[in-house]
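1. Here is a sequence with its predicted model. Questions after.
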Amino acid sequence: MAIFKNSTAHKVRVYMKLHPQATVKEVAKELDIKLHHVHSTLWRDKKFGAPKRVYKKRVNKEWNWDIVSVTSSDTPLPITMEEPKVDVVNHPPHYKVGGIEVIDFIKAKLTPEEFRGYLKGNVLKYTSRAGHKDDVTQDIGKLVWYANKLQETLAT
């Protein structure tokens with residue numbers, strides 16, 4: 001079995017989690033590390049959030065990945081064994097990068113007539129490619145989504 005050496009930052013986070021009232025000097029003295037390591041770890045966690053650590057376990061001759069969150073906040077994050085379910089048809093996460101869904105941005109930039117043409121084009125695209133590229137149920141789901149959005153815009 002391999003032995004993994006924990007990083008200095010990880011040691012600081014674990015110690016601070018177990019001793020939340022400890023001062024920076026106490027942490028540095030207890031862990032026998034330089035004071036600036038403690039300061040930089042706490043600053044990094046405050047500015048960017050604590051990193052997620054990934055551990056690999058072998059179960060029944062297969063590799064499983066368990067996501068374990070390490071945080072220095074007062075409220076611990078839950079440890080999950082599964083990834084959250086993603087709705088790839090109605091709200092794909094890659095369409096929300098930048099804080100706005102791409103469909104809303106496109107609607108804002110086009111005239112109502114151009115937007116209806118965009119929706120019709122997507123209905124045709126997902127109709128013609130169903131079963132040829134991705135999962136057929138996913139393509140049909142997107143086809144239905146665009147058809148409903150087109151119907152919604154025609155009603156207004």
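-> Yes, it's here.

2. Spell out the residue ranges of the helices in this structure.
-> Chain-ordered helices for the chain, with DSSP state H as the definition, fall at 8-18, 24-31, 35-48, 102-109, 112-129, 136-155.

3. So which of those is the most surrounded?
-> For these, ranked by mean neighbour count under the definition mean count of other CB atoms under 10 Å, the leader is helix 8-18 at a mean of 17. Bear in mind the C-beta positions are built from the backbone N, C-alpha and C, glycine included.

4. Sketch out the low-pLDDT regions of the chain for me.
-> 1-6, 50-85, 88-89, 91, 94-97 (pLDDT under 70).

5. among the helices of the chain, which is nearest residue 90?
-> With distances scored as CB to CB, the stretch of these nearest to residue 90 is helix 136-155 (6.1 Å).

6. which residues sit against the closest one?
-> 88-90, 103, 112, 115-116, 119-120, 122-123, 126-127, 129-131, 133 (CB atoms under 8 Å, 6 or more residues apart in numbering).

7. Over to stretch 107-118?
-> The contact list for stretch 107-118, computed with CB under 8 Å, 6+ apart, reads 106, 150, 153-154.

8. which two from these end up farthest apart in space?
-> Using CB to CB, the pair of these lying farthest apart is 106 and 154, separated by 16.8 Å.

9. can you redo the contacts of stretch 107-118 as JSON lines with distance to residue 18?
-> Supplementary listing: the contacts of stretch 107-118 in JSON lines, determined by distance: CB to CB, whole Å:
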{"residue": "106", "distance to residue 18": "50"}
{"residue": "150", "distance to residue 18": "57"}
{"residue": "153", "distance to residue 18": "56"}
{"residue": "154", "distance to residue 18": "60"}
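
10. Pick the one among those closest to residue 27.
-> Out of these, the one with the shortest distance to residue 27 is residue 106. That distance is 50.5 Å, counting by CB to CB.

11. And for that closest one, nearest residue in space, chain neighbours not counted?
-> Ranked by CB to CB, 6 or more residues apart in numbering and with sequence neighbours excluded, the top spatial neighbour of residue 106 is residue 118, at 6.3 Å.

12. and that neighbour, how far is that from residue 9?
-> For residue 118, the distance to residue 9 under the criterion CB to CB, to the nearest Å works out to 47 Å.

13. Check residue 146 too.
-> Looking at residue 146 against residue 9, where the rule is CB to CB, the gap reads 46 Å.

14. Next up, the contacts around residue 131.
-> Applying CB under 8 Å, 6+ apart, we find residue 131 in contact with residue 139.
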